[in-house]
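Novice: Any chance you could fold what I've pasted below:
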Amino acid sequence: MKSREPIAVLLVAILSVAFFAPTIFGGRYFYQRDVGYFFQPQTATVNRIIQSGELPLWNPYGYMGMPLLATWQSRVFSALSLPFYFFGSVGGMRVFYPAIMFLAGFFALAFLRVEGLSPFAATSGATVWMLGGWFVTKLEFFSYASAAAFSFAPLVFVGASWVVAASALALAFLCGYPVFFLIVLLYLTICALRGKIKNATAALAVCSMLCALQALPTAELVLNSQRYRDRKKPDETSLSHSARIKDLAGFFAPAVYPDGGEGSPRYHWLKTFYAGYAGGALALLGLFALIRRKEFFWPLTGLAGIVLAFSAPYDLLRRIFAPAALLRYPSTMIFFSAAGVAAVAAAGSDFLMSRRGKYAYAGVILTVLIFAELFARGMFYQQTAPADFFYETPAAVAVIGKDGAMTRLAIAPKTIKLNAVSGRTAIAAWRGARAALKGFVAWPYGVLNAYGSGEPLVPASADNAIHRAYSMSSPDDAAPALKSLGAGYILSAYKFASSRRYYPVRTSVSPPYLYRLKDPGALFVFEAAGTDKARVFKPSRFSENKISFDFGEDLPRGRLTHVENHYPSWRAYADGKEISVERTPDGFKAVNIPSGIRSLHLFYSPTLFVTGAFVSLVAIASLILVLFRKTDSVLNL
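Specialist: I've put the predicted structure just below:
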């Protein structure tokens, strides 16, 4: 029987490579939605900063400035970020995608074998997991897909040493998505049922220490985020993505989804966990077999995921346990259902194969149909483009790059569509909306934008100032508020009928349309004490983490405001003497400069990252020592 395990692993590898053949061999890459406007640009920015010899600590380009490493989804320390570090933010996809699919299938296969299922049945369940709707529809999210790849990893090591389990948990945590907490909950539940809770507690404690260099800065960002500040308020946006009874029709396939199948805007990636018709049939058989044996864990796990994905149970959970709000969407709970379906389908395959004869043939046929159906259906989501898509510089960015002034780019609300930034809604959508600049336009090109989307942990500092600008009734009315945000340009999907406050900048005859403010804002504004006049300064040296000014004159006493989110751990030195970095009423950074100052240095030095790095290094050294002693003891025996 064991001789069949390598064949099962080989089959998982072949499916992973074949599924991504257009990327591996054809030079075509995922570009839709979050890959194009968030994750690839973010990865490119992290790579560029590391190559410059600095750590990717701060992101000045989006969201009015915010931590980058502390942003969990940046995945700076994830093992699955290595392909991007070696092959670039685009070329790395050739390794990243087949790797995460293989790991997803491999760990599911290993866990089901540990559970006592045959290699054939375990392969059936692993296929439902790695090619099923829940995993495949997360491929556009580097962090989500990475964490999903390690979903079953900790479960494989429930009975193993706490050192191994801690390492598996750490790998999942560093992938950067809150689904990690659901993985931990599943792991703890299984450990409790098997009397391994002490082992699990030790593993989690060690995992926390191993991941401290990421966990501590991220925890600080969570506490300073707008999402945490608003945790007790009703969140209609999140609840609108909760599951409904009729969504469950999509369990078998998107084709039977009530609001439209694949490609329909109503078919939401969050709500799907389809197993296919063949996988669904095996799951129903497995449900029957497990109930007959009075084994209810996986059926109840699947049911729990569905129940918690509905708005009322999730909202109650969020109010009782505030950290649940950090999952962002109720339907993230579908994770439990997807894992349950894969395990139950494996049980169905095992049930058929154990009865031999025509039942075994039926099991083989259903498993082959699972391979074919899920593979073909999953390929639908591979909307790919050549690498040139990512390397094309948007015309608006090229224009702004020639402008010597340091200023921000604002975006008319709803003006979004990948690299073109051409929206689908009229300018009437301005009122009450938020800017929706996507990272594809800003991050890789060093363009500073007034706001962004896609990252839930945006700091709360300048949120009111941003909201004030985007709650005006028209772009003209908003111009003074945009100036206060440091904006010099605005990009819109539609032409402004007439404008008293903007110059049109010709970049193309089609959307998006670029406008320059007649009275543009600035990022660094100095006001001398006792005067109303403001001076604009440009840094002599600027990087993501450090900003330096050589004024070339003795400045009078005054206040220099950096129009960017105020955040802990920013430090300032005037002529070598440390001065405090204060928060303005609008949530920006400011320093009070004594008279006679000729130089100023601002830099971001997160204390919690340094502390976390020390804790992680101590934990790694301790683990190496433990492993060395265990190895030495074995050799002595």
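Novice: who touches the helix or strand harbouring Ile291?
Specialist: Using DSSP states H and E, Ile291 sits within helix 276-292. Identification of contacts with helix 276-292 by C-beta atoms under 8 Å, 6 or more residues apart in numbering yields 124, 127-128, 132, 251-253, 274-275, 296, 298-299, 341, 343-352, 363, 366-367, 369-370, 373-374, 377. Backbone N, C-alpha and C define where each C-beta goes, glycine included.
Novice: what's the answer for stretch 204-212, then?
Specialist: 162-163, 166-167, 169-170, 173-174, 184, 188, 215, 611-613, 615-616, 618-620, 623.
Novice: Tell me the buried residues within those.
Specialist: 162-163, 166-167, 169-170, 173-174, 184, 188, 215, 612-613, 615-616, 619, 623 (16 or more other C-beta atoms under 10 Å).
Novice: before we move on, the earlier item: make a PyMOL selection of the buried ones in the contacts of helix 276-292.
Specialist: Buried members of the contacts of helix 276-292, defined by 16+ other C-beta under 10 Å, are picked up in PyMOL with:
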select buried, resi 124+127+128+132+251+252+253+274+275+298+299+341+343+344+345+346+347+348+349+350+351+352+363+366+367+369+370+373+374+377
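Novice: For the helix or strand harbouring Phe603, which strands pair with it and how are they oriented?
Specialist: If you go by DSSP H and E, Phe603 is part of strand 597-604. Take DSSP bridges as the rule and strand 597-604 pairs in its sheet with strand 546-555 (antiparallel), strand 570-574 (antiparallel).
Novice: What helices and strands are in contact with the helix or strand just after that strand?
Specialist: Using DSSP H and E, the next helix or strand after strand 597-604 towards the C-terminus is helix 607-636. For helix 607-636, the packing partners by 3 or more C-beta pairs under 8 Å, 6 or more residues apart in numbering; DSSP states H and E come out as helix 162-173, helix 197-210, helix 212-223.
Novice: tell me the mean pLDDT over the helix or strand that the first one is followed by?
Specialist: Which is helix 162-173. Using DSSP H and E, the helix or strand that follows helix 162-173 towards the C-terminus is helix 179-193. Helix 179-193 carries an average pLDDT of 93.
Novice: is it true that Leu560 lies in a strand?
Specialist: Yes. The assignment for Leu560 is a strand, going by DSSP: H, G, I helix; E, B strand; the rest coil.
Novice: Give me the neighbour count for Leu482.
Specialist: Neighbour count of Leu482, defined by other C-beta atoms under 10 Å: 28.
Novice: Tyr604 versus that one, what's the distance?
Specialist: 25 Å (C-beta to C-beta, to the nearest Å).
Novice: just checking, Ala249 is part of a helix?
Specialist: Yes. Under three-state DSSP, Ala249 sits within a helix.
Novice: Surely Val344 touches Thr301?
Specialist: No. In this structure Val344 lies outside contact range of Thr301 using C-beta atoms under 8 Å: 9.1 Å.
Novice: follow-up on the earlier one: could you give the separation of the helix holding Ile291 from the chain centroid?
Specialist: Relative to the chain's own centre, helix 276-292 is displaced by 33 Å; criterion: C-alpha atoms, centre = their mean, to the nearest Å.
Novice: re the thing from before, so which of the contacts of helix 276-292 are in helices?
Specialist: 124, 127-128, 298-299, 341, 343-352, 363, 366-367, 369-370, 373-374, 377 (DSSP state H).
Novice: Please list all residues in contact with the nearest residue in space to Arg4 that is not next to it in sequence.
Specialist: In space, and not counting its chain neighbours, Arg4 is closest to Pro119: 4.2 Å by C-beta to C-beta, 6 or more residues apart in numbering. By C-beta under 8 Å, 6+ apart, the residues touching Pro119 are 1, 4-5, 7-8, 113.
Novice: try 6 Å
Specialist: With contacts defined as C-beta atoms under 6 Å, 6 or more residues apart in numbering, the neighbours of Pro119 are 4-5, 8.
Novice: Buried by neighbour count, from those: which ones?
Specialist: Buried among those (16+ other C-beta under 10 Å): Ala8.
Novice: and of the contacts of Pro119, the nearest to Lys358?
Specialist: Nearest to Lys358 among these is Arg4, at 21.5 Å by C-beta to C-beta.
Novice: Hmm, Leu308 and Ser337 touching each other?
Specialist: No. Using C-beta atoms under 6 Å, Ser337 makes no contact with Leu308, being 9.2 Å away.
Novice: Nearest the geometric middle of the protein, what residue?
Specialist: Closest to where the C-alpha atoms of the chain average out (C-alpha atoms, centre = their mean) is Gln73, at 3.8 Å.
Novice: how close does that residue sit to Tyr144?
Specialist: 8 Å.
Novice: same check, this time on Arg292
Specialist: Arg292 is 36 Å from Tyr144, by C-beta to C-beta.
Novice: And Arg319, by the same measure?
Specialist: 25 Å.
Novice: Of those two, which one has the most company?
Specialist: Neighbour tally, Arg319 and Tyr144, criterion other C-beta under 10 Å: the higher count belongs to Tyr144, 23 against 13.
Novice: Could you list the residues in contact with the one helix or strand that one maps to?
Specialist: Using DSSP H and E, Tyr144 falls within helix 142-149. Contacts with helix 142-149, where a contact means C-beta under 6 Å, 6+ apart, come from 39, 73, 75, 80, 100, 103-104, 135, 138-139, 172, 175-177, 179-180.
Novice: Next, the angle helix 162-173 makes with it.
Specialist: Helix 142-149 runs at 150 degrees relative to helix 162-173, counting by axes from the mean of the first three to the mean of the last three C-alpha atoms, to 10 degrees.
Novice: Helix or strand next in line after helix 142-149, which one?
Specialist: Following helix 142-149 in sequence, per DSSP H and E, is helix 153-156.
Novice: Contacts for that following helix, please.
Specialist: So helix 153-156 is contacted by 107, 110-111, 114, 165, 168-169, 187 (C-beta under 6 Å, 6+ apart).
Novice: Which of the helices and strands in this structure ranks last by mean pLDDT?
Specialist: helix 439-442 (a mean of 44; mean pLDDT, DSSP states H and E).
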